[in-house]
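Visitor: pasting a predicted model and its sequence here:
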Amino acid sequence: MAKSVAVTLVQSRLDYANSLLHGTSDINLNKLQRVQNSLARIVLKKHPRHPAQGLLSKLHWLPIEHRVKFKLATITYKALTLNQPSYILSRLHPYQPAYHTRSADQQLLAKPICSTDFGKRAFSYAAPQIWGEIPLEIRSSTSIESFKQKLKSHFWTSLNPPVSFPA
């Protein structure tokens with residue numbers, strides 16, 4: 001019950017328009033991360049000083065920075081597969097190199113030239129950057145549900161890389 005209330009009242013506010021936070025300062029992201037960490041501690045009834053990383057994992061909540069990337073990637077996927085909304089699709093252009101390279105078959109997006117940090121926060125710059133960081137297997141998903149599931153798993157493994165032991 002506490003998780004449902006927390007997601008409804010607080011997480012939804014953290015997710016509202018969070019794609020605008022791409023490229024913002026670490027200070028601003030840390031403020032939002034502290035809110036999410038506190039919420040996780042409240043939901044799981046842990047001490048205020050309890051480390052939050054394990055709690056977020058237990059609740060299946062991505063950290064704020066990854067939630068922002070998740071949202072931008074999801075919007076990009078919907079625009080590319082459903083061709084809607086058209087105003088977002090008009091900002092995305094397929095990457096077409098001048099000559100054949102290995103990356104030509106990777107379903108990448110062209111990244112516009114931008115020289116300012118503020119301009120790099122724009123969707124037309126951020127979406128191709130994040131899209132290129134996602135493995136082709138995930139970008140090639142056949143449905144939005146499988147895309148989201150694979151993307152969330154990808155972000156969790158990037159946060160918690162598998163441990164390999166020496167032989």
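Guide: Received it, and whenever you're ready, just let me know what you need.
Visitor: use CA for all of it now, contacts and neighbours both
Guide: Noted.
Visitor: contacts only, for L21.
Guide: The contact partners of L21, taken as Cα atoms under 8 Å, 6 or more residues apart in numbering, are 29, 68.
Visitor: any idea how far it lies from R41?
Guide: Relative to R41, L21 is positioned 24 Å away (Cα to Cα, to the nearest Å).
Visitor: in the helix or strand of the chain with the lowest mean pLDDT, what counts as buried?
Guide: Across the helices and strands of the chain, mean confidence by mean pLDDT, DSSP states H and E is lowest for helix 2-6: a mean of 76. Within helix 2-6, the residues that count as buried by 16 or more other Cα atoms under 10 Å are A6.
Visitor: got a list of contacts for it?
Guide: Applying Cα under 8 Å, 6+ apart, the set of residues contacting helix 2-6 is 39, 43.
Visitor: try stretch 81-91
Guide: Residues contacting stretch 81-91 (Cα under 8 Å, 6+ apart): 78-80, 123-124.
Visitor: so which of these are in helices?
Guide: 78-80, 123-124 (DSSP state H).
Visitor: out of the residues you listed, who's nearest W61?
Guide: Nearest to W61 out of those is K78 (Cα to Cα; 21.8 Å).
Visitor: how about G119, nearest residue that isn't a chain neighbour?
Guide: Counting by Cα to Cα, 6 or more residues apart in numbering, the nearest residue to G119 once its immediate chain neighbours are dropped is Y125, at 7.6 Å.
Visitor: quick check: that neighbour touching K111?
Guide: Yes. Between Y125 and K111 there is a contact at 5.8 Å, judged by Cα atoms under 8 Å.
Visitor: domain map for the protein?
Guide: Domains of the chain are assigned by automatic domain parsing as 2-61, 66-159.
Visitor: can you give me the end-to-end span of the last one?
Guide: Distance between the two ends of domain 66-159: 9 Å, counting by Cα to Cα.
Visitor: could I get the average pLDDT for it?
Guide: The average of the pLDDT scores along domain 66-159 is 86.
Visitor: roughly how far is that domain from the heart of the chain?
Guide: 10 Å (Cα atoms, centre = their mean, to the nearest Å).
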